[in-house]
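Chemist: pasting the structure only:
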């Protein structure tokens, strides 16, 4: 039987999998990025729990990360492609902020842009999006 943490992360992965980009979970960056982009969900850190009494319950605010990566292209196209991919991620998360009742809320923080160097080619445009999974059961 999967743990609650695994259930929540699997639900987030499923939520992201409806996008046109390829969605992976916890895998290394592949050699090639698909034309529609690549999303890698990192499990992150469950953090320290808050405890409520009567009845005693533990509440976690899990911090996961999403790496959004677009293939090397013309400079202006890369920026626009990354913005489109980030907007699609935001829309997918906003569509169900509780993951079917598994969490109290899901919130994406501001993306942190990153340029990934590629030997002998243009850099890949990427961003890391911190995701807070609050009140997960």
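Modeler: Great, that's in hand. Computed from a prediction, not measured in an experiment: that's the story for all the values here. Residues are numbered from 1 along each chain as shown.
Chemist: going forward, measure contacts between C-alpha atoms and count neighbours the same way
Modeler: Fine.
Chemist: find the helix or strand that the residue in the chain sticking out farthest from the centre is a member of.
Modeler: Relative to the centre of the chain, the most outlying C-alpha is that of residue 54, 34.0 Å out, by C-alpha atoms, centre = their mean. Residue 54 belongs to no helix or strand when elements are defined using DSSP states H and E.
Chemist: can you list the weak-confidence ranges in the protein?
Modeler: The model of the chain has pLDDT under 70 over residues 73-76, 137.
Chemist: ok, longest strand in it?
Modeler: Ranked by residue count, the top strand of the chain under DSSP state E comes out as strand 121-136.
Chemist: packing partners of the longest helix along the chain?
Modeler: As far as residue count goes, and with DSSP state H defining each element, the longest helix of the chain is helix 75-94. Counting by 3 or more C-alpha pairs under 8 Å, 6 or more residues apart in numbering; DSSP states H and E, the packing neighbours recorded for helix 75-94 are helix 4-16, strand 57-70, strand 105-108, strand 121-136.
Chemist: output the ones you listed as JSON lines; include the columns mean neighbour count and distance to residue 93.
Modeler: Conversion of the helices and strands packed on helix 75-94 to JSON lines gives the following (neighbours: other C-alpha atoms under 10 Å; distance: least, C-alpha to C-alpha, whole Å):
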{"stretch": "helix 4-16", "mean neighbour count": "17", "distance to residue 93": "7"}
{"stretch": "strand 57-70", "mean neighbour count": "21", "distance to residue 93": "12"}
{"stretch": "strand 105-108", "mean neighbour count": "18", "distance to residue 93": "7"}
{"stretch": "strand 121-136", "mean neighbour count": "20", "distance to residue 93": "10"}
